[in-house]
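Chemist: Here's my sequence, what's the structure:
(2 chains)
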Amino acid sequence: MTTQTDLIQYLLRLGDSALIQGQRLCQWCGRAPALEEELALMNVGLDLVGQARNWLDYAAELLDDGRDADHLAFRRDERAYRNLLLVEQPNGDYAVTMLKQFFYDAWHLEVLKGLSQSGDERIAGIAAKAVKEATYHLRRSSEWVERLGDGTEESHQRMLDAIPLLWRFTIELISGDDSETRLHAAGLVPDAAQIASAWLAQVEQVFTRATLPLPPAPSYFYLDARRGLHSEHLGTLLAEMQFLPRAYPDATW
Amino acid sequence: MSEWTLFEVFVRSKHGLNHKHVGSVHAADSVMAIENARELYTRRSEGVSLWVVPSNLIVASSPDEKDPLFDPADDKVYRHASFYELPPEVGHM
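Modeler: Down below sits the predicted model:
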């Protein structure tokens, strides 16, 4: 494995995660509980799709096999996707949507902060710009977790129901692999262990304010997005997202 | 969202200018109102500062009193600076 191969995998992981999280948010379009929330969800979603474009552009350049960012987004199969398992999970109710967003944002912001110090100027530049967006995303999602957790009896119960639906997938937010260790040693990406402890501290703090119990640490299980082993939900999401460019490959609009 | 409060939103478009009323948002409290206002009214770089005020705290003049309140100003042109002739030595003001 060369640094180049490691880096491509890392960029796909960042780009795919932002893209799928953005796609999930945009599935709320026309269905949000209030007009104000609808706008907010779409704004966050489109921030993430924009970030995904930056990461996938760079990944495509390094791949140098004739594919561009659109090709990577719309013509890759599920097994070639490297997004976090967390972000492909269904939206569920607003408690699930906001908890998923919060788990992702807390990880995302730490990763971006680390990447803004990357030895690779291109990565540092993209990350520095994205940090501002992610800071706001985290502020919004952590407030919603707090509001719902420490809200009414029903909203509290819905948050309690949301936690076990998502918690096991957070294992990917707090564990690194050899590839990431090599990239960290090369000064390109932040230390996975540091991201993990910052993420846990953030979740602990917000859960305390939200009067929600922190489950025991998630443990490793058979799915692994780093190897393209996804839950059953990614396939149907991609089928919808990729239908048009796959059915009409040369269409322009 | 009938339980949510209606807030009026004011945006300052540039430093040095005043906040201008741009519309309203629904929100559960003032923190959420600022965020919702940010989402609705500043997504195309419209502003550098936001104010939100619960709509029910705004005291408004009554439309019934429009005549006594505002009509008397109509025939008092001397209240405009342009009514007065400037001496030539003042030059452009």
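
Chemist: ok, A:Gly22 - how many residues close by?
Modeler: 20 (other C-beta atoms under 10 Å in any protein chain shown). Any C-beta I mention is one placed from the backbone N, CA and C, and that applies to glycine too.

Chemist: Repeat that for A:Lys113.
Modeler: If you count neighbours by other C-beta under 10 Å, A:Lys113 ends up with 18.

Chemist: ok, is the host helix or strand of it in contact with chain B or not?
Modeler: Secondary structure from DSSP states H and E places A:Lys113 in helix A:94-115. No - applying C-beta under 8 Å from any C-beta of the partner chain, one finds helix A:94-115 separated from chain B by no less than 12.6 Å.

Chemist: Just the CA atoms of that helix, as PDB, please.
Modeler: Provided in PDB are the C-alpha atoms of helix A:94-115 (Å, rounded to 0.1, in the frame of the first residue of the first chain):
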ATOM      1  CA  TYR A  94     -36.900  13.600  14.000                       C
ATOM      2  CA  ALA A  95     -35.100  12.100  17.000                       C
ATOM      3  CA  VAL A  96     -33.300   9.500  14.900                       C
ATOM      4  CA  THR A  97     -32.400  12.200  12.200                       C
ATOM      5  CA  MET A  98     -31.100  14.600  14.700                       C
ATOM      6  CA  LEU A  99     -29.200  12.100  16.800                       C
ATOM      7  CA  LYS A 100     -27.600  10.700  13.600                       C
ATOM      8  CA  GLN A 101     -26.700  14.200  12.600                       C
ATOM      9  CA  PHE A 102     -25.200  14.900  16.000                       C
ATOM     10  CA  PHE A 103     -23.000  11.800  16.100                       C
ATOM     11  CA  TYR A 104     -21.800  12.600  12.600                       C
ATOM     12  CA  ASP A 105     -21.200  16.300  13.200                       C
ATOM     13  CA  ALA A 106     -19.300  15.700  16.500                       C
ATOM     14  CA  TRP A 107     -16.900  13.400  14.500                       C
ATOM     15  CA  HIS A 108     -16.900  15.500  11.400                       C
ATOM     16  CA  LEU A 109     -15.900  18.700  13.100                       C
ATOM     17  CA  GLU A 110     -13.000  17.100  14.900                       C
ATOM     18  CA  VAL A 111     -11.700  15.400  11.800                       C
ATOM     19  CA  LEU A 112     -12.000  18.700   9.800                       C
ATOM     20  CA  LYS A 113     -10.100  20.600  12.500                       C
ATOM     21  CA  GLY A 114      -7.300  18.000  12.400                       C
ATOM     22  CA  LEU A 115      -7.300  18.100   8.600                       C
END
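
Chemist: Show me which residues of the host helix or strand of B:Asp67 are buried.
Modeler: Here B:Asp67 sits within helix B:66-70, counting by DSSP H and E. Residues of helix B:66-70 include none that count as buried (16 or more other C-beta atoms under 10 Å in any protein chain shown).

Chemist: Not counting its own residues, what contacts that helix?
Modeler: Defining contact as C-beta atoms under 8 Å, 6 or more residues apart in numbering or on different chains, one finds that helix B:66-70 is touched by B:Ser61.

Chemist: show me the contacts for the residue in chain B that chain A sits nearest to.
Modeler: Across chain B, the shortest distance to chain A (C-beta to the nearest C-beta) belongs to B:Asn36, at 3.9 Å. By C-beta under 8 Å, 6+ apart, the residues touching B:Asn36 are A:Glu36, A:Glu37, A:Leu39, A:Ala40, B:Val25, B:His26, B:Ala27.

Chemist: Now, of those, which are buried?
Modeler: A:Glu36, A:Glu37, A:Leu39, A:Ala40, B:Val25, B:His26, B:Ala27.

Chemist: What is the distance between the longest helix along chain B and the centre of its chain?
Modeler: Longest helix in chain B, counting residues (DSSP state H): helix B:30-41. Here helix B:30-41 is found 17 Å from its chain centre; the criterion is C-alpha atoms, centre = their mean, to the nearest Å.
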